[in-house]
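Trainee: With the input below, show me the fold.
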Amino acid sequence: MKKSELVFIPSPGLSHLVSTVETAQLLLARGGDGDASLSITVLTMKLANDTVVTGYTNKIISSSDPSRLRFIPLPHQENGIQLFHYIESLKNPIRETIGNLISQTGSQICGLVLDMFCTDFIDVAKEFSLPSFVFFTSGASCLGLFFHLISLKFDLGQELATFKNSDTELTVSCFVNPVPAKVLPAVLVEDGPFSKIIINCFRRMREAKGILVNTFYELESFAIDAIGKDARVPTVYPIGPILNLNSSKGSSHGHAEEGGDQSSDEIMEWLGEQPENSVVFLCFGSMGSFQETQVKEIAMALERCGSRFLWSLRKPPPIQKGVVPFPTEYDDFEEVLPEGFLSRTKGIGKVIGWAPQVAVLGHPAVGGFISHCGWNSTLESIWFGVPVATFPLSAEQQLNAFQLVKELKMAEAIRIDYNIGHGIIGGGPPEIVGAEEIEAAIRRLMTGGVREKVKEMQRKSRLALEEGGSSYNALNLFIQDIGNNHNGV
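Mentor: Numbering: from 1, shown residues only. Model (predicted):
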């Protein structure tokens, strides 16, 4: 019998690749309960300014069985080529790669698993009569909202741009509360070519056979049940939380190479000197950074509230049209912090650059997390039982913040609808969040009542992955479904 093979196609960027690899490894560990009849090939994309994807894949390759997990690099992005034009340009190389894989006699491809931004490759799957599945790296509530917006636009003819800067609240089946238009991802309510590309990606998810979602039923039961009642939506498999927890020094986004072991050891040593649940950790994701004015407001809030803190402070990148901006490191933090801040907070606070986020959140000294509310970071905070104060910056983070604060009531709000407005899409210069607002949220975070709710969800997140748990069973169902496809059922 030929080996079954799945082909994963993540979008460019390390966070999506890491989630894809973690999912692949989970499938390989579970597939056939140790039966090596399943193999996975990952087709990797690389951005022009990316420096870590190759190192990450090489690390995975060195510790994996190449007969079960392999990586095939696609042509990398050229300078000046817009992100989605780059993804679109890969259709022919992907078609050629799939054709070569099918011609190999050792395996039978049983489906393509496509990133949420790669749904145009459903066409390639159809050409080879293969089923396509989507890997949705955000949560089920976000997925349900996207389908709601797609229905408004294409089924009811409503222009989504009318929601831009609107005070409208939307009734959405996967949310208990009305959803303010101000927390919708900015790119979805823009009227421009980039918006049209993103909306088309989400529209085409309806054509997939199923959608793998990085969530678990106990966290988003209302949304998952609501989505399941919509006949237009493919089967949803909530298989999370999918996290990269293997490295004690790395972050969930695989950026250990940036900081190195020495800085990680220094950070963990400092945390080891702090009392339990006493430190508020500030970290804003692989793309999170602030201009000097906002940095000073955050610094004043930390100094006034007197809490111990660990602050990952990154330097904003220059804006380049068509290029995804990544923060860099400061040579000297004093160039951006208030004068004397470092000396006045010495002993109770530590300002760092890159942060080993997973290791930090897992340390018992950390009692609160000021976060941009990216979905990976949200799941990590739940996994380690650390309550969040929301400071969303872009993408779907405002929606995640709304969900955490209003729907789940397991986070404190600094802001819910704040948008950094990097100048790429969706708005102009950001407003400044004042020190008083930030200070008040930190005080609530470190002394308030959401901690117990987060601890309870932490327990449920771990049970979901155990044998008989909700995510364990959902992954088994997916394996069964791809097996049926292999056998022609």
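Trainee: outside of the lengthiest strand in the chain, which residues touch it?
Mentor: Ranked by residue count, the top strand of the chain under DSSP state E comes out as strand 107-115. For strand 107-115, contacts defined as Cβ atoms under 8 Å, 6 or more residues apart in numbering pick out 2-11, 16, 20, 23, 39, 98, 101-102, 121-122, 124-125, 128, 130-135, 137, 208-209, 212, 482-483, 485-486. Just so you know, the C-beta spots here come from the backbone N, C-alpha and C atoms, and that holds for glycine as well.
Trainee: List the ones among those that fall in helices.
Mentor: The helices, defined by DSSP state H, take in 16, 20, 23, 98, 101-102, 122, 124-125, 482-483, 485-486 from the contacts of strand 107-115.
Trainee: Any of these buried? List them.
Mentor: Using 16 or more other Cβ atoms under 10 Å as the burial test, the ones in helices among the contacts of strand 107-115 include 16, 20, 23, 98, 101, 122, 124, 125, 482, 483, 485, 486 as buried.
Trainee: Tell me the one among those residues nearest to residue 349.
Mentor: When these are ranked by distance to residue 349 (Cβ to Cβ), residue 16 comes first, at 32.7 Å.
Trainee: Tell me, what's the model's pLDDT at the closest one?
Mentor: Looking at residue 16, its pLDDT is 87.
Trainee: swap in residue 255?
Mentor: Reported pLDDT for residue 255: 45.
Trainee: Same check on residue 55?
Mentor: 87.
Trainee: Residue 480 now?
Mentor: At residue 480, pLDDT is 91.
Trainee: same deal with residue 78?
Mentor: pLDDT, residue 78: 88.
Trainee: Could you list the single helix or strand in this structure with the lowest mean pLDDT?
Mentor: Between all helices and strands in the chain, the lowest mean by mean pLDDT, DSSP states H and E belongs to helix 256-272, at a mean of 74.
Trainee: following that one, which helix or strand comes up?
Mentor: Using DSSP states H and E, the helix or strand that follows helix 256-272 in sequence is strand 279-283.
Trainee: Number of residues surrounding residue 107?
Mentor: By the criterion of other Cβ atoms under 10 Å, residue 107 has 18 neighbours.
Trainee: Please report how far it lies from residue 100.
Mentor: Here residue 107 is placed at a distance of 12 Å from residue 100 (Cβ to Cβ, to the nearest Å).
Trainee: what's the answer for residue 307, then?
Mentor: Counting by Cβ to Cβ - residue 307 and residue 100 are separated by 56 Å.
Trainee: So for those two, which sits in the more crowded spot?
Mentor: residue 307 (21 against 10).
Trainee: Can you pull out the low-pLDDT segments for the stretch 351-489 of the chain?
Mentor: Flagging of the stretch 351-489 of the chain using pLDDT under 70 yields the residue ranges 421-429, 485-489.
Trainee: If we use 50, what do you get?
Mentor: Across the stretch 351-489 of the chain, the ranges flagged by pLDDT under 50 are 422-427, 488-489.
Trainee: Stretch 138-149: which residues count as buried?
Mentor: For stretch 138-149, using 16+ other Cβ under 10 Å, the buried residues are 138, 139, 140, 141, 142, 143, 144, 145, 146, 147, 148, 149.
Trainee: Identify the residues contacting it?
Mentor: 116, 136, 160, 170, 172-175, 179, 184, 188, 199, 202, 205-206, 211, 213-215, 219-220, 223-224, 226-227, 230, 232-233, 236, 238, 375, 378, 396, 399-400, 403, 407.
Trainee: Return the subset of the residues you listed lying in helices.
Mentor: Reading helices off the contacts of stretch 138-149 with DSSP H, I get 199, 202, 223, 224, 226, 227, 375, 378, 399, 400.
Trainee: Nearest spatial neighbour of residue 469, chain-adjacent residues omitted?
Mentor: Spatially, and ignoring its direct neighbours in sequence, residue 469 is nearest to residue 463 (5.2 Å; Cβ to Cβ, 6 or more residues apart in numbering).
Trainee: now residue 272
Mentor: In space, residue 272 is closest to residue 365, 7.2 Å off (Cβ to Cβ, 6+ apart).
Trainee: burial of that neighbour, as a residue count?
Mentor: Neighbour count of residue 365, defined by other Cβ under 10 Å: 19.
Trainee: Residue 158 too?
Mentor: When neighbours are defined as other Cβ under 10 Å, residue 158 has 13 of them.
Trainee: would you say it is within a helix?
Mentor: No - using DSSP: H, G, I helix; E, B strand; the rest coil, the secondary structure at residue 158 is coil, not a helix.
Trainee: what's the spacing between residue 235 and residue 355?
Mentor: 37 Å.
Trainee: How far does stretch 170-179 sit from its chain's centre?
Mentor: Relative to its chain's centre, stretch 170-179 lies at 22 Å (Cα atoms, centre = their mean, to the nearest Å).
Trainee: Residues contacting that stretch, please?
Mentor: 140-141, 143-145, 148, 163, 169, 180-181, 222-223, 226-227, 229-230, 399, 402-403, 406-407.
Trainee: Of the residues you listed, which count as buried by neighbour count?
Mentor: 140-141, 143-145, 148, 163, 180-181, 222-223, 226-227, 230, 399, 402-403, 406-407.
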